[in-house]
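>>> need coordinates for the following:
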Amino acid sequence: MNDDYRHLGLHHIDEASALHVAQQLRGITEATVRFVGHHPEFEDEFIHLLFALNVSVRNERIEKMVPEPHHQFSFRFSGSTAVITVAPDVDPGNY
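Take a look at the predicted model:
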């Protein structure tokens, strides 16, 4: 996939965030995505982004985290699998 994400029609995820996610997920084929809070449009867009990166997705929702996340995206890796915690309410520039 090229680094131009405009063709995905992203409205809730900025291009810099999409690029950051794509760079983190190079070589990843499967991901469990844990969404903090309830943001259906953001969740749909994020899953669409992962599909565009050829990553299969399983998702969960976490109503609240303590302590609250400081980063919009947090990644854990094991082989070709990732666990991504996504906190849409955190400033997108806060990687």
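
>>> for the rest of this, base every contact and every neighbour count on C-alpha atoms.
Will do.

>>> helices and strands around the helix ranked longest in the chain, which ones?
Across the chain, the longest stretch assigned as helix under DSSP state H is helix 40-52. If contacts are counted by 3 or more Cα pairs under 8 Å, 6 or more residues apart in numbering; DSSP states H and E, helix 40-52 sits against strand 56-62.

>>> for the strand it packs on, what is the average pLDDT?
For strand 56-62, mean pLDDT is 96.

>>> if you count neighbours, what's buried in the next helix-or-strand element following that strand?
Remark: after strand 56-62, the chain's next helix or strand is strand 73-78, criterion DSSP states H and E. Neighbour-count burial for strand 73-78 flags 73-74 (criterion: 16 or more other Cα atoms under 10 Å).

>>> what helices and strands are in contact with strand 73-78?
Using 3+ Cα pairs under 8 Å, 6+ apart, strand 73-78 sits against strand 81-86.

>>> quick one, the strand it packs on and strand 73-78 angle?
160 degrees (axes from the mean of the first three to the mean of the last three Cα atoms, to 10 degrees).
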